[in-house]
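# quick one, fold the following:
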Amino acid sequence: MGDAAKLVALLGAQSHGCTFAARVPHMDHILRYRYRVLLVQVATAIEGYTPRSVSVAAGRFAREVTFLAAPETPTRAKAFLFAASRLGAFCESIGLELTASVALRPSVIERCCAPGVTALSAPT
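Numbering: from 1, shown residues only. Got it, this is the predicted structure:
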């Protein structure tokens, strides 16, 4: 059993978050509790991802940030894995640390997607 599958089993594939109640008169002080469940199929898609064109470290980074993003469908998870792995490869190529706090900065993403900066395929 892989790391993501262990984490899913441990947490029961749940993610939590709080937001303020929006546009409810006289209720701005009340927090609305959001509860999301990561489907087993989504967790399986994330865990089973093995990149072919990027390094093992970039693939690990892609799995970690995709799991944290908690996509709702396996198809969305695969799309996120693809993009995150390319971002991880870009960060490696310029010597940046493969952590979400560094790689997911808007300036890094802009540099990764800028035409002519990287040798990424057109859809990326």
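# how about the helices of this structure, start to end?
Applying DSSP state H to the chain gives helices spanning 3-11, 40-47, 56-69, 74-93, 100-103, 106-113.
# now those helices as JSON lines including mean pLDDT and mean neighbour count?
C-betas here are computed from N, CA, C, even on glycine. JSON lines is the format used below for the helices of the chain (pLDDT from 0 to 100; neighbours: other C-beta atoms under 10 Å):
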{"stretch": "helix 3-11", "mean pLDDT": "45", "mean neighbour count": "14"}
{"stretch": "helix 40-47", "mean pLDDT": "89", "mean neighbour count": "19"}
{"stretch": "helix 56-69", "mean pLDDT": "92", "mean neighbour count": "19"}
{"stretch": "helix 74-93", "mean pLDDT": "93", "mean neighbour count": "20"}
{"stretch": "helix 100-103", "mean pLDDT": "88", "mean neighbour count": "13"}
{"stretch": "helix 106-113", "mean pLDDT": "87", "mean neighbour count": "13"}
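# pLDDT at residue 95, what is it?
As summarised for this prediction, residue 95 has a pLDDT of 92.
# again, but for residue 26
On pLDDT, residue 26 comes in at 53.
# ok, now residue 17?
You'll see residue 17 listed with a pLDDT of 45.
# tell me how far the nearest residue to residue 90 once chain neighbours are set aside lies from residue 39.
Excluding its sequence neighbours, the residue lying closest to residue 90 (C-beta to C-beta, 6 or more residues apart in numbering) is residue 112, at 4.3 Å. Noted for residue 112: a distance of 29 Å to residue 39, by C-beta to C-beta, to the nearest Å.
# got the contact list for stretch 87-99?
Here stretch 87-99 makes contact (C-beta atoms under 8 Å, 6 or more residues apart in numbering) with 53-55, 57-62, 102-104, 108-109, 111-112, 118, 120.
# on that earlier part again, the residue nearest to residue 90 touches residue 86, doesn't it?
Yes - using C-beta atoms under 8 Å, residue 112 is in contact with residue 86, at 7.3 Å.
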